[in-house]
Structures are given as C-alpha cells and as structure tokens.
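> Sequence first, then the predicted structure, then my questions.
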Amino acid sequence: MGLYLSIDTGGTHTDIVLIDQDVHDVWTTKTPTTPGDLKQGVITGIRKVLDESDRKLSDVTRFVYGTTLVTNLIIEKAEMPVGLISTKNFRDILEIGRAYRNENIYDLAWQPPSPLVKRHARYGIPERIDARGGIVEALDETETIAALNSLVEQGIESIAVCLLNAYVNPVHEQRVRDLAREHHPEIKVSLSSDIIREFREFERTSTTVVNAFVMLPLHEHLLGLEKTLMDDGLATPPYIIRANGGIMTFGAARDMPIALTHSGPMGGIVGATSIAAASGHQDLITFDMGGTSSDVSLIANGKPTVTTKSQIAGYPVKLPTLDLATVGAGGGSIAWVDDAGALKVGPKSAGANPGPACYGLGGVNPTITDANLICGRLNPDYFLAGAEQLRSDLAESAVARLADKINLSVNEAALGILEIGEAHMINAIKLASVKRGLDPRGMALVAFGGAGPLHAARIAEELSVDRVIIPWAPGNLSALGMLDGDVQHDFVLSRISGLNDIGGDEIQSLLRGLTEDGAKWLESEGVDAAQHQLIVSVDLRYTGQSHELNLPLVSDLGDETSVARLTEAFHQAHRQVYGYDMLESAVQLVNLRLSAVGALVSMSWPRSTPFNKPVQPQGERHVYMGGKSTDLYPVYRFEDLHAESRIPGPAIVEYTGSTLIMPPAWSGVVDEFRCIQMTRKTNKQGTSS
C-alpha cells in the first residue's frame, strides 16, 4: 500500500505523521510552526520524521498537507493588493451586503467587517446578462481594458471578477479574463463563474473576492513548498486537504485557494469520523483543542455535517464546507482581567512564539497551558515526550501577577482560568448541537489536539455525555485524518423553478453538464476513471423561503412518482431540522449540486494485540481539581497500553503529543485501534456519578 506522509500546520505546532501501510509502523512528531515562513517548519518536521524512521522522501506514495494559512490571512486582514470588477452600479455590493444587521439586532456597537477591496480598487463596467442567461447589453471592452489598466497602475496584482447573473452565463466574465491575459498577463484573475455558479449576488461576490484576496500568498507558499519537496526527492503529486474534507493537488489549490479555508482542522473531522466508526460509533461531537483555538463539529449517522453558509471573520463563503464552530480558547489563550475586575480567557493567543510563559521563550502572559501545568495536569519533564522542558516557575510567576489583581491564590486563579476556558468550549458545543436539533447526550465526544484530552472529561460532564473517545495519537489526529480523505470537488448550478414545473429532460441536460465537468476535473487531478464517484443532490425550499435544505437525488425526476418521493423526503427533512412542515406549500428547486469524488485506497488504522498482563502506572502526581487539597493521580504512558488495557480513574495518560486527564468518576479501556474509550461510572440508581 505504500508509505503515507501528512503534515498539519497549526498556529503553534506543525504535526507530522508517517505511516508505513505495508508493515503498520507509525511515526509522529511535532515541530514549532514558523509563522514568518511556514515552509521552514514543514521541511524541518519532514526531515526529522524521515530520520527517525530511516525512510526517504522518495519512498512516499501519498503526501497530504493541511494549513490554516488561508484562514489566518483573512482573520488578520493582511494588506493585500486586490481589486474587483463588477457590473456597472454594483461595485458597492461588498459594503451594502444584505442590508441588515448581524444576528444580534440589539448590539448597538456592531459594525460590519470592512470590505477586503478598497473602494478605489472596485470598478463597475457596462454589461448585462439576464436571469435566464440572455445577453441584454454586450460587454464594453474599452471600459474593461481601462479598468484593468487603472488597477495595474495602483499596484493591484489579483483581481476578482463577479458580473451580474454570470452564474447562468459566464461568457462576459470569461471575456474579461481573456482581456486581462492579453493586456496584463501577470495579474491573477478569479472568476465567480469558475468558483461558484450559484445565485445570491452578495455571497457570490464575497466568495470570489476572498479567493482573490488569498491567491497570491497561497500561490507563492504552495509553489515554494512543492519545489522544495521535489528537490528533496518527493516523487508523488502533493495533495492538500480542503474545506469539504476532500483533498486536491497543489496545482488545483493554487487556482482556488478559497477551497482551503480551515484546511488543517478538517483533517481532524475526517479522522475522528473514520476512527470512531471503526470503533462502532456513528453519532459524535468532535472536539479539537490546539494551541490557538478549539474546533467543534457534529457527526450524525457517521456523516459530517456540510454547510454552504460558512463565514470567515464575517465574510460569507458559499462553498460546501464541513460544518465547524471555532472558539478562541486553546492552550495558548491568554488570561486577563477586564476593567471591571472580571477574569477573562482569550481570544488573544500567545501563539508559538513567545508562547505560554512556561515555554521559556519570553512569554509573560498567563495562558491555559500555564494553568494546566500549575494544577499538575502536565508533566514539565515530558512535554512532547521530553523534547521540550516546561518551566513551572515561569508559569507560576505569570499566573501570580494575575491572581494578585483578583485576590486569589495561584492555584485558585489557575483553576479559574481552566474553568472559564472550558465554559467557552461547552457553550460552543451546546449552541452547535441545539441549533441543529441534536441532543448531545446521546453522542460520544471525540477529543483530540494537543490539549483536547486535558479537558474532555470535564466538558463531557457538563454536556451530560457519558462516553469520551481519545484516539491513539490525539495530538496528531488532524494530520492522520488527512490521509483518509478522497480527491473531491463540488459543483453547483442554480436553477430556480417549482419542482413540479421543471421538465425531466431539462434536469437531465443540466445534470449531464455537471457530470461532464466533474469527470473532467477528476481526470485533471490524475484520478483513474474506475475511481470516479459522481454524487448528485438538490437544494429545495418552500416557495417564499430564503433558506434551502440539501437532499440526495436518487432518481432522474423524469416522472410524477419520483417528484412525489423527493417532495415527501423534503417535508420529512424540514420537520427534522425546523420542527414543522408546510404540506400545502409548493416545493421549489433552487440548486443542482454534484460532488465529484475520486475514491482513494482507505488508510488502514493500526491495530493492537491484547495481552493478559495488566498495565502498571509509571508513578503518581498531585492534581489540583479544586478544594483544600490536591488529588493523587496514577500516571500511565500510552506506549505501555495495549488492546483491552483497563484504566480506572483517577488517572493521567501521557502521550507523545498530548495528555489525558481522567477524573475519579471515569474509567477507560483501550480498544483494538488503541483508542481509549472512557465511560462515566454509575451509582446504584444507574445514574452517572
């Protein structure tokens, strides 16, 4: 099966995983992320893991990369020279938006995010295509060339083109691109019709602009990384994980960087879904806590939730994305006291450099990691398996300065930091689950990331969740999950019509066009035709609604029976999501969708052989959980555990890149995939203790 290599570049650490699928050997490592040049941290980590495994980069048969670069560029609103060409009189759509306030209409201080394109770099050109694709006014090429010339004179290097109704007929957008290539071939051009052929002008424009905004830095990063990899001997095309949980080649990603939002964290969702399913669990809450933030996602019936309504820093992005809620609470989140004297945690993070105070790299602010160290939950001598030493004295000094401001002891302040950080995570999970009509009490919590297992039990208790799953390499699960993704790209075509009014022949014609596009894309990615999977779905709504539900299209809609079945399926889905239906209202078709999937060979998760020998702790450690004294926790090393190993709580399990805290009310058993399955103990009445 070959040698698989994956890299997940996070805000604090870069995780590297190497798996020899033929002999089931696994190597994992972490290196500090290098924000100034992400490539340095990636290459350092790759060379390190190859040295440890005695393997060569030329032996690698699957290479997958994940990075938060795209997301960070948008959040940080870096200064990017980007322009916009729109239909005349539509250049202010980025500022007008939907012409309403955010969800909290009572927030008097709310301000919309400033447009990513300054007004002087937005041009409207004469042209008009109607809603059915007919040309009402021809493109004014003279004004188009003038707009391009003006943008270049301003130093603009990347341009978004979003013309009215181009999702139906892209001919004018394509001509703008041709003119740009003819007169200014150095400019990067993003066409809305190449990125998202879907109605809703503001969201379509926003998505295209975000793509143009991140294109130059992402292009340079991937081009430089690919060259270095090839120079080092990589002989297989490098892939990168994308927002829909699939993967794409670096070449395809350079043309469509918007598809890479939350690239790294999506690997965690894919990996958690896969390994939990192997362990027999289909309904999950995934909880990924890293150094900068925590990411939460819900899995129902073994399938991650997909949304087309995601936002990044307030900017709508309409591409299909695995649904993810992010909270600014990670190991590096800084604790502070506000003007009213209240203790706060996050969203600002100490990052990788200087990092938490205990790293000894110059950080002076108290963080969640410092609090965990003070409370005894981290081993200062075994951080990253001993590769780094944590400074307890620096952590105590940082927390002591904060404790003095709120009249608490150092231990009490540290525990308060942890409780506030956990409250942020718990609220995020509650909102994400209730919003989708899901009850978290019947789900299992899959906790991973460097800090996830430290807080998993406490979060599960607050959610009334009785099962927690800790994957066998929690600190590296996002990197592991990338190796289980398939090549995938999503296509959409808006066609708004009553479901009973549209003809089967028209639907088939539209679907043929989508499937041809999907097959061509997979072929361009080097996927053999035998591996092609073309999955069709439709967005439906009741007439008059402004939101849709996506349903699989299992028949050709060529007769009344198939239309009736789809209509009933929509009523059922609407009842499940919103709690009611409108049986007397007409159902409307809004979008046709196609997921083009190139199914790769699934990764084989390493298994463990049971022994009869009971596992023994390495020692004991005092852990502060509140109250007047500390509790004594036995400490286990994960490498000593095997299938069927039983761990009674309280306990600490130290991994190479993470630490698990198991309070007294919990116990754990290791399954055949080396996941620790934690369950809450029950009292005589059968309720959780």
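Sure, I can see it.
> Quick one: name whatever helix or strand follows the longest helix seen in the chain.
Taking DSSP state H as the criterion, the chain has its longest helix at helix 201-231. Using DSSP states H and E, the helix or strand that follows helix 201-231 in sequence is strand 238-241.
> Could you pull up the mean pLDDT of that following strand?
Mean per-residue pLDDT for strand 238-241: 97.
> try stretch 165-173
Mean pLDDT, stretch 165-173: 97.
> buried set for it?
Going by neighbour count (16 or more other Cβ atoms under 10 Å), the buried part of stretch 165-173 is 165, 166, 167, 168, 169, 170, 172, 173. Where C-beta positions appear, they are placed from N, C-alpha and C, glycine not excepted.
> same thing with stretch 601-618?
603, 605, 606, 608, 615, 617.
> Reformat those as CSV; add secondary structure, pLDDT and distance to residue 11.
Shown next, in CSV, are the buried residues of stretch 601-618 (DSSP: H, G, I helix; E, B strand; the rest coil; pLDDT from 0 to 100; distance: Cβ to Cβ, whole Å):
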residue, secondary structure, pLDDT, distance to residue 11
603, coil, 76, 26
605, coil, 80, 27
606, coil, 77, 28
608, coil, 81, 32
615, coil, 87, 34
617, coil, 94, 33
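> got the domain boundaries for the chain?
Domain assignment of the chain by automatic domain parsing yields the ranges 3-74+219-260, 78-206, 487-598, 619-680.
> Residue 632 falls within a strand, correct?
Yes: under DSSP: H, G, I helix; E, B strand; the rest coil, residue 632 falls within a strand.
> Tell me the confidence at it?
Note on residue 632: pLDDT of 92.
> For residue 90, give me its contacts.
By Cβ atoms under 8 Å, 6 or more residues apart in numbering, the contact set of residue 90 is 124, 164, 201.
> if we can go back for a sec, among the buried residues of stretch 165-173, which are located in helices?
Filtering the buried residues of stretch 165-173 for helices - DSSP H - leaves 172, 173.
> on that earlier part again, tabulate the buried residues of stretch 601-618 (JSON lines), appending distance to residue 359.
Shown next, in JSON lines, are the buried residues of stretch 601-618 (distance: Cβ to Cβ, whole Å):
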{"residue": "603", "distance to residue 359": "33"}
{"residue": "605", "distance to residue 359": "32"}
{"residue": "606", "distance to residue 359": "31"}
{"residue": "608", "distance to residue 359": "33"}
{"residue": "615", "distance to residue 359": "31"}
{"residue": "617", "distance to residue 359": "27"}
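> hmm, back to that, which one of the buried residues of stretch 165-173 is nearest to residue 630?
residue 167 (61.7 Å; Cβ to Cβ).
> would CSV of the buried residues of stretch 165-173 with distance to residue 137 be doable?
Below are the buried residues of stretch 165-173 laid out as CSV (distance: Cβ to Cβ, whole Å):
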residue, distance to residue 137
165, 12
166, 13
167, 17
168, 15
169, 13
170, 16
172, 9
173, 14
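> Next, the contact list for the residue lying closest to residue 641 once chain neighbours are set aside, please.
The shortest distance from residue 641 to any non-neighbouring residue, by Cβ to Cβ, 6 or more residues apart in numbering, is to residue 670 (5.0 Å). Counting by Cβ under 8 Å, 6+ apart, residue 670 touches 608, 641, 642, 643, 644, 645, 646, 647, 676, 677.
> Selection in PyMOL covering whichever of the residues you listed are buried, please.
PyMOL command restricting the contacts of residue 670 to the buried ones, with burial defined by 16+ other Cβ under 10 Å:
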select buried, resi 608+641+643+645+647+676+677
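> about what we covered before: looking at the contacts of residue 90, which is nearest residue 387?
Relative to residue 387, the closest of these is residue 201; by Cβ to Cβ it sits at 51.5 Å.
> sec struct for residue 377, please.
Assignment for residue 377 (three-state DSSP): coil.
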